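Student: My questions are about this predicted structure, shown below with the sequence.
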Amino acid sequence: SLYNIIDNYINNQFGKSGERITIMPNDNMIACTCSRCKAMGNTDKNATPAVAALLTRLARKYPKHQFFMTAYNTNLEPPAKNLPDNVGVMLSTFDIPMQCNFRNSKGLHTFQKRLNAWKSVATLMYVWEYSQNFDDYLTPYPCLYILQERFRYYKEEGIKGISINGSGDDYSTFDELHTYILSALLVNPNVSVEDLTNKFCKQHYPLCHNMIAEYYLSLENKVKNENRQLPYYGTMQDNSDSYLNTEEFEAFWTTLDKESKKADADERKQLSYMLTAMCYSRLELLKLKKIEAEKRADIIDILKNYKSVPHLLNYKETNGSLEEYLKKNK
């Protein structure tokens, strides 16, 4: 039944011309153990045999399409048989620590072992990469130097494609900057992050570009030079322990707020989005420092304007409604 549904969808949406199509189980640890899936080799922790069989059947019917499964959760183990040439795998990189010097880490050893195992059965190798703290979309996340090093490693390993998992449709601070630079790094992982950061900021923030670029690059350089590890899922305490200094962040926000009032209408609007979103970070940092309630109240008043910022509804991936957050932080 599932094959027929997918078959009809592919036929109706794409026809038989070449597309790249990823099919994966839900993001959980449930593997089907019905009699037919068990006969293919499924266990209660491994759904790869049945998923690989499904993709193989589709790949044979649509030889011009490329089909991808994921190496993630119940699909970590490769299938016992070689996959057709037009079936590939997208390996989650979650085991690799988010830090510049990751090459001697236990997490990379785990990933490398899995990558080698999949290379023995598949020729199309992609990775599922991450560029966000999924518990905090609104605090700056200086991941560019780290991802540059990871992209270099993937190129060495013959990886042909990278899918970058960010905040999806939700607003995240410096997301446009990240998108611009990551797009360049996907083409050439040796381009200058610093030069591109300055170029982007100058184009988008004509008045305040030096201040924004200098502050953002200071975070990137701290993470790079001190080999700090960024959290995939982390609290404000984790951010503070890793790279974010409360006093420096507050000084940056206050100065940028003051200077933004001198900018033209277009730049001021973009800066207001950033300043509003970062009020979540200010509030969480001040809560860590147990700063007086009166100052927190002023920040909450600014954050209440979040609906004026496009796509700013959530501050994290799961149960992250800003509306609910503000109700709890009156």
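Tutor: Cool, got the structure. Residues are numbered from 1 along each chain as shown.

Student: which regions of the chain lie under the pLDDT threshold?
Tutor: Counting by pLDDT under 70, the chain contains low-confidence ranges at 291-294.

Student: Okay, the residue of it most remote from its centre and Ala50: tell me how far apart.
Tutor: Most distant from the centre of the chain: Ser35, at 37.0 Å, with distances by CA atoms, centre = their mean. Distance check for Ser35 against Ala50: by CB to CB, to the nearest Å, it reads 12 Å. C-betas here are computed from N, CA, C, even on glycine.

Student: before we move on, what about Gly234?
Tutor: 35 Å.

Student: Now the helix or strand in which Ala50 is found - C-alpha only, PDB.
Tutor: Using DSSP states H and E, Ala50 sits in helix 48-61. Extracted in PDB, the C-alpha atoms of helix 48-61 (Å, rounded to 0.1, in the frame of the first residue of the first chain):
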ATOM      1  CA  THR A  48      16.800  -0.600   7.100                       C
ATOM      2  CA  PRO A  49      16.000  -3.900   5.400                       C
ATOM      3  CA  ALA A  50      12.400  -2.900   4.600                       C
ATOM      4  CA  VAL A  51      13.200   0.700   3.800                       C
ATOM      5  CA  ALA A  52      16.000  -0.400   1.400                       C
ATOM      6  CA  ALA A  53      13.700  -2.800  -0.300                       C
ATOM      7  CA  LEU A  54      11.100  -0.100  -0.800                       C
ATOM      8  CA  LEU A  55      13.700   2.300  -2.300                       C
ATOM      9  CA  THR A  56      15.200  -0.400  -4.500                       C
ATOM     10  CA  ARG A  57      11.800  -1.300  -6.000                       C
ATOM     11  CA  LEU A  58      11.100   2.400  -6.700                       C
ATOM     12  CA  ALA A  59      14.600   2.900  -8.100                       C
ATOM     13  CA  ARG A  60      14.100   0.100 -10.600                       C
ATOM     14  CA  LYS A  61      10.900   1.600 -11.800                       C
END
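
Student: related to what we said a few turns ago, with neighbour numbers in mind, choose between Gly234 and Ala50.
Tutor: Applying other CB atoms under 10 Å to Gly234 and Ala50 shows that Ala50 carries more neighbours, namely 25 against 20.

Student: quick one: contacts for the residue farthest from the centre of the chain?
Tutor: Residues near Ser35 by CB atoms under 8 Å, 6 or more residues apart in numbering: none.

Student: how about Asp7, what does it touch?
Tutor: Counting by CB under 8 Å, 6+ apart, Asp7 makes contact with 58, 61.

Student: For it, what are phi and psi?
Tutor: Per-residue torsions, Asp7: phi -60, psi -50 (degrees, to the nearest 10).

Student: what does Tyr130 give?
Tutor: With angles defined as degrees, to the nearest 10, Tyr130 sits at phi -130, psi 150.

Student: just to revisit the earlier point, and the residue farthest from the centre of the chain, how close does it get to Asn42?
Tutor: Counting by CB to CB, the separation of Ser35 from Asn42 is 10 Å.

Student: Now stretch 161-170: buried residues?
Tutor: 161-162, 164-167, 170 (16 or more other CB atoms under 10 Å).

Student: Closest one of the residues you listed to Tyr9?
Tutor: Among those, Gly161 lies closest to Tyr9 (CB to CB), at 22.0 Å.

Student: Show me where this protein has its strands.
Tutor: With DSSP state E as the criterion, the chain has strands at 20-22, 66-71, 87-92, 124-130, 161-165.

Student: got TSV for those strands, with distance to Lys328 too?
Tutor: Below are the strands of the chain laid out as TSV (distance: least, CB to CB, whole Å):
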stretch	distance to Lys328
strand 20-22	37
strand 66-71	35
strand 87-92	32
strand 124-130	27
strand 161-165	28
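
Student: nearest to Pro142, of the ones you listed?
Tutor: With CB to CB as the measure, strand 124-130 is the member of the strands of the chain nearest Pro142 (13.9 Å).
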